[in-house]
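Trainee: Pasted the sequence and its predicted model underneath.
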Amino acid sequence: MLAEEDRRALARGLRRRDPDLLDALIVRYQYRLFRYLIYICGNRETAEDLFQETWVRVLDRGHQYDGKSKFETWLFSIARHLVIDLHRRKRPQSLDALTEAEENPIQLLAVGPSALDLAAASEEQAGLLESLNQLPVILREVLLLRFQEDLKLEEIAAVLGVPMGTVKSRLYRALEQLRELIERANL
């Protein structure tokens with residue numbers, strides 16, 4: 001019950017556009033948000049721009065947060081929509097095509113240990129990252145949200161704006177394809 005009361009207090013603070021609250025939120029979520037953006041964009045400069053724009057949107061649209069869901073779910077949804085909007089303005093493509101044009105493979109940021117960070121820290125780090133980079137963005141995103149950001153399936157569905165069954169099938173496909181890629185690399 002306390003978490004729900006905290007979320008309601010957070011919603012009230014966002015409606016008031018409390019600058020101290022925004023500062024505290026940035027400090028709390030900056031690393032996770034930036035890591036998510038750089039992973040999805042594959043470009044540090046673009047991720048930095050979208051990071052700033054995400055916090056501007058949080059300030060401008062804080063009145064839309066109702067406190068019924070976790071703040072991080074709402075935050076990642078804003079960031080994801082900004083990424084999609086950016087790429088729609090550039091050229092009409094699917095989310096899968098977002099990083100295909102990028103020449104540099106995605107590098108995971110080392111910001112606090114998570115399940116994905118611990119796996120990447122093993123001796124197969126290079127192979128794992130190479131295999132992850134071969135997955136379609138839509139599948140990498142589900143893996144990132146689940147294992148690196150440690151979101152629950154319901155929260156991932158809210159961030160992505162898709163049904164729970166879609167999240168489950170994407171997660172299953174992502175894990176299966178990742179397993180196949182790693183096995184192929186180890187042959």
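Mentor: Structure's in. What do you need?

Trainee: What ranges does this protein have for its helices?
Mentor: Using DSSP state H, the helices found in the chain span residues 2-15, 19-41, 44-60, 71-90, 115-120, 125-134, 137-143, 153-160, 164-186.

Trainee: What are the buried residues along stretch 11-24?
Mentor: Under the neighbour-count criterion of 16 or more other Cβ atoms under 10 Å, stretch 11-24 has 11, 13-14, 18, 21-22 buried. For every residue, glycine as well, the C-beta is placed using N, CA and C.

Trainee: what does stretch 78-95 give?
Mentor: By neighbour count on 16+ other Cβ under 10 Å, the buried set for stretch 78-95 is 78-80, 82-83, 87, 95.

Trainee: Quickly note the distance from the residue minimising distance to the centre of the chain to residue 143.
Mentor: Centroid-nearest residue in the chain, with Cα atoms, centre = their mean: residue 36, separated by 3.8 Å. Distance from residue 36 to residue 143, counting by Cβ to Cβ, to the nearest Å: 12 Å.

Trainee: Do I have it right that residue 182 meets residue 131?
Mentor: Yes: in this structure, residue 182 is within contact of residue 131 by Cβ atoms under 8 Å, at 5.1 Å.

Trainee: Mind checking which of those two has more residues around it?
Mentor: Neighbour count, other Cβ atoms under 10 Å: between residue 182 and residue 131, residue 131 has more, with 20 against 15.

Trainee: Tell me the pLDDT of the more buried one.
Mentor: In this prediction, residue 131 carries a pLDDT score of 78.

Trainee: Identify the spatial nearest neighbour of it, chain neighbours not counted.
Mentor: Once flanking residues are discounted, residue 131 sits nearest to residue 181: 3.9 Å by Cβ to Cβ, 6 or more residues apart in numbering.

Trainee: Many thanks, I have nothing further to ask.
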